[in-house]
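Chemist: no sequence for this one, just the structure:
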């Protein structure tokens, strides 16, 4: 079966809070009746990103077309979760015409790409492309490394090096697997910073890949889909820090937990507490839904480091409490974080 006869799948990867879900919403808004399925891999106990997509109000975001895999990092649970999910989608009476896969922000793309060579999958699906979404302001501030290319070169030269910043490894592996890099939140960078960051990312890539600036992930779906990369046949061109481990890897450096939030009186006061907790305990990511007194709509709160945004998305379906998912390094002080947030 030729690549053209296979169902194309696009892997959307990128670090925490880069804007992967927003990008998917933009693609779904341009579906124009095409059958698109989305697999969302949430790192944590609750599928926040899947809920966000289901509530987006776009016809293509029908609940039955969005599959959430919340049992851990997708690249770690390929056999248990990913393969059966793909087979179930493909065996539908009307299978999807394109599959979008949003990985966890902590996922390494290469083990997932390798999974497309599994029996029963290889003959039916191809990786149309790997899209890596980069949080422009975060990288510009040196969140991962001042010089990602230099870090990658250092690790390549000394494979026994015990890297003291695992976040940089994840970031570099995601870039190395990319067929297209989306430099998101470009509107938050001035022209000089945008040009410098684009050049740095391009210089650190192992092959010629376009780096495209975006605001709120607003890009034409024609740019994102139909890349025809057949990435599963191009693994050698996508180096990874974990190649020597034959794809094995651990995410013991990260952990997540959920804080249940009762109804709140003021959104700004809550965000201030979230920001204090993130700053005091070096929290990587916070995201969740909150019930605001006197408001029929639920409040979505998302934070990357100490940068937060909030918006109302849809009415509360029932009397559930709100909750926020906290993602950070293993060993973080969960009780201390909860005390600050709960006030």
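Modeler: Arrived safely. Keep in mind the model is a prediction, meaning the values are calculated, not measured. Numbers count the residues shown, from 1 in each chain.
Chemist: all contacts plus neighbour counts: C-alpha atoms, from now on.
Modeler: OK.
Chemist: In contact with the residue nearest to residue 217 when sequence neighbours are not counted, which residues are there?
Modeler: Computed as C-alpha to C-alpha, 6 or more residues apart in numbering, the closest residue to residue 217 that is not its neighbour in sequence is residue 23, at 4.4 Å. Neighbouring residues of residue 23 by C-alpha atoms under 8 Å, 6 or more residues apart in numbering: 216, 217, 218, 219.
Chemist: Now whichever strand or helix holds residue 23: buried residues?
Modeler: Per DSSP states H and E, residue 23 falls inside helix 20-29. Neighbour-count burial for helix 20-29 flags 20, 21, 22, 23, 24, 25, 26, 27, 28, 29 (criterion: 16 or more other C-alpha atoms under 10 Å).
Chemist: do the same with stretch 258-277
Modeler: Of the residues in stretch 258-277, 258, 259, 260, 261, 267, 270, 271, 273, 274, 275, 276, 277 count as buried by neighbour count, 16+ other C-alpha under 10 Å.
Chemist: The second one is in contact with residue 323, isn't it?
Modeler: Yes. A contact is recorded between residue 259 and residue 323 when judged using C-alpha atoms under 8 Å, the distance being 5.5 Å.
Chemist: how close does residue 284 get to residue 220?
Modeler: Look at residue 284 and residue 220: by C-alpha to C-alpha, to the nearest Å, they are 30 Å apart.
Chemist: Next: residue 287.
Modeler: Per C-alpha to C-alpha, residue 287 is found 27 Å from residue 220.
Chemist: Ok, residue 292 next?
Modeler: Taking C-alpha to C-alpha, one finds residue 292 at 35 Å from residue 220.
Chemist: Of these two, give the one with the bigger neighbour count.
Modeler: Shown here are residue 292 and residue 220; by other C-alpha atoms under 10 Å, residue 292 has more neighbours (18 against 11).
Chemist: Show the contacting residues for the more buried one.
Modeler: 263, 264, 265, 266, 267, 298, 299.
Chemist: Not counting its neighbours along the chain, what's nearest the fourth one?
Modeler: The one in question is residue 266. Spatial nearest neighbour of residue 266, chain neighbours left out: residue 292 (7.0 Å); criterion: C-alpha to C-alpha, 6+ apart.
Chemist: And for the last one?
Modeler: The shortest distance from residue 299 to any non-neighbouring residue, by C-alpha to C-alpha, 6+ apart, is to residue 312 (4.5 Å).
Chemist: so that neighbour touches residue 300, yeah?
Modeler: Yes. The criterion here is C-alpha under 8 Å, and residue 312 meets it with residue 300 at 5.9 Å.
Chemist: Counting neighbours, what do you get for residue 311?
Modeler: The burial count for residue 311: 13, using other C-alpha under 10 Å.
Chemist: swap that for residue 190, sorry
Modeler: Residue 190 has 9 nearby residues by other C-alpha under 10 Å.
Chemist: ok, now residue 289?
Modeler: Residue 289: 25 neighbours (other C-alpha under 10 Å).
Chemist: Quick test: name the residue nearest the centre of this protein.
Modeler: residue 105 (4.1 Å; C-alpha atoms, centre = their mean).
Chemist: Which helix or strand contains that one?
Modeler: Per DSSP H and E, there is no helix or strand for residue 105.
Chemist: thought it was touching residue 14?
Modeler: Yes. In this structure residue 105 lies within contact range of residue 14 using C-alpha under 8 Å: 5.6 Å.
Chemist: And the helix holding residue 23, how far out from the chain middle?
Modeler: Relative to the centre of its chain, helix 20-29 is centred 12 Å away, using C-alpha atoms, centre = their mean, to the nearest Å.
Chemist: Helix, strand or coil: sort out residue 271 for me.
Modeler: Three-state call for residue 271 (DSSP: H, G, I helix; E, B strand; the rest coil): helix.
Chemist: go on, residue 331?
Modeler: Quick answer, by three-state DSSP: residue 331 is coil.
Chemist: burial measure for it, as a count.
Modeler: Residue 331, neighbours per other C-alpha under 10 Å, totals 10.
Chemist: Would you quantify the distance from it to residue 283?
Modeler: 11 Å.
Chemist: Same check on residue 13?
Modeler: Using C-alpha to C-alpha, we find residue 13 at a distance of 20 Å from residue 283.
Chemist: The two: which has the busier surroundings?
Modeler: residue 13 (29 against 24).
Chemist: Shouldn't the more buried one be within a helix?
Modeler: No. According to three-state DSSP, residue 13 belongs to no helix; its state is strand.
Chemist: I'm done for today, thanks for sticking with me.
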